[in-house]
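# Got a predicted structure here, sequence first:
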Amino acid sequence: MRGRSASAVRWHTHPKGQVLIVTEGAGFNQEKDKPAQSIKKGDVITIPANVEHWHGAAQATKMTHIAITNYEGDTNVIWLKPVSQEEYNAVNKQ
């Protein structure tokens, strides 16, 4: 997200859940209606099926991750609204 607007990141769900493996940098993962969690290189995050969430780099860094998802029929992700600049700024002030 470094050098980009928050709208580059979107809230989304996965019908079979998702596993993130952070390979470089640092950022955040946030589930709807829960506080954002800091994530960094080496972290493995398990996101349950159908949980609305977003993940992205912190303002001062880049973040690279491997995302593992499975399909339900033809669907592995359902994209929702962009993360607002206000939501992103609030997380980065933590």
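Structure's in. What do you need?

# Could you use CA atoms for every contact and neighbour count after this?
Fine.

# So what's the residue count around Y88?
Using other Cα atoms under 10 Å, Y88 has 20 neighbouring residues.

# again, but for the one 4 residues further on
A count of nearby residues for N92, using other Cα under 10 Å, gives 16.

# Could you check how far it is from F28?
Going from N92 to F28 by Cα to Cα, to the nearest Å gives 9 Å.

# now G73
Taking Cα to Cα, one finds G73 at 29 Å from F28.

# neighbour count winner among these two?
The residue with more neighbours, out of G73 and F28, is F28; 18 against 7, by other Cα under 10 Å.

# What's opposite the more buried one in the beta bridge?
S38, G56 (DSSP bridges).

# excluding its backbone neighbours, what's nearest the residue sitting nearest the centre point of the chain?
Compute the mean C-alpha point of the chain, and by Cα atoms, centre = their mean the closest residue is H55, 1.3 Å away. Residue nearest to H55 in three dimensions, not counting chain neighbours: N29, with 4.3 Å by Cα to Cα, 6 or more residues apart in numbering.

# quick one: least confident helix or strand in the protein?
helix 85-92 (a mean of 92; mean pLDDT, DSSP states H and E).

# Number of residues surrounding G56?
23.

# any idea how far the helix or strand E24 falls within is from the chain center?
Assigned by DSSP states H and E, E24 falls within strand 18-31. Offset of strand 18-31 from its chain centre (Cα atoms, centre = their mean, to the nearest Å): 6 Å.

# Ramachandran angles for the residue of the chain positioned farthest from its centre?
What lies farthest from the middle of the chain is G73; by Cα atoms, centre = their mean that is 22.9 Å. Dihedral pair for G73: phi 70, psi -120, per degrees, to the nearest 10.

# Can you give me the pLDDT of it?
Looking at G73, its pLDDT stands at 95.

# Can you give me the separation between it and D43?
Distance of G73 to D43, given as Cα to Cα: 29 Å.

# burial measure for T13, as a count.
22.

# OK, contacts around it?
Contact analysis of T13 by Cα atoms under 8 Å, 6 or more residues apart in numbering lists A49, N50, V51, E52, H53, V77, I78, W79, L80.
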